[in-house]
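Engineer: this is the structure alone, sequence omitted:
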C-alpha cells in the first residue's frame, strides 16, 4: 500500500483523508452488491441484499465516527 506523505513523512491528516476515501469506496461497493443481489428472484438473494445494504450503512457510520475523531485530533 502506498502512503501519501508530506516531505517524505506520512501525516495524520493525509492518513485520515485516505481512510475516509477507502471507507466511501467500501460503502459504494456494498451498495452495488446489494443492488445486484436485489435483481435476483429468490428470497435468499433478497435477504442477502438487505444484509449488504446494512453493511454499507455500517461503513457510513464508521466513516462519520472517523470524521468526528479527525476533527478533534486535527484542531
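Structural biologist: Received it, and whenever you're ready, just let me know what you need. Please read all numbers here as calculations on a predicted model, not as lab measurements. Numbers count the residues shown, from 1 in each chain.
Engineer: only C-alpha atoms from now on, for both contacts and neighbour counts.
Structural biologist: Will do.
Engineer: what strand or helix carries the residue lying closest to residue 40 once chain neighbours are set aside?
Structural biologist: Leaving aside its chain neighbours, residue 40 sits nearest to residue 46 (7.2 Å; criterion: CA to CA, 6 or more residues apart in numbering). In the assignment (DSSP states H and E), residue 46 maps to helix 43-74.
Engineer: now do that helix, average pLDDT.
Structural biologist: Averaging pLDDT along helix 43-74 gives 92.
Engineer: what does the pLDDT read for residue 1?
Structural biologist: 64.
Engineer: so what's the backbone phi/psi at residue 9?
Structural biologist: phi -120, psi 140 (degrees, to the nearest 10).
Engineer: could you number the chain from 45 rather than 1 from now on?
Structural biologist: Yep, numbering from 45; the last one is residue 53 now.
Engineer: got the contact list for residue 101?
Structural biologist: By CA atoms under 8 Å, 6 or more residues apart in numbering, residue 101 lies in contact with residue 71.
Engineer: how close does it get to residue 117?
Structural biologist: Residue 101 sits 24 Å away from residue 117, taking CA to CA, to the nearest Å as the criterion.
Engineer: please apply the same query to residue 92.
Structural biologist: From residue 92 across to residue 117, the span is 37 Å (CA to CA).
Engineer: same question, residue 51
Structural biologist: 21 Å.
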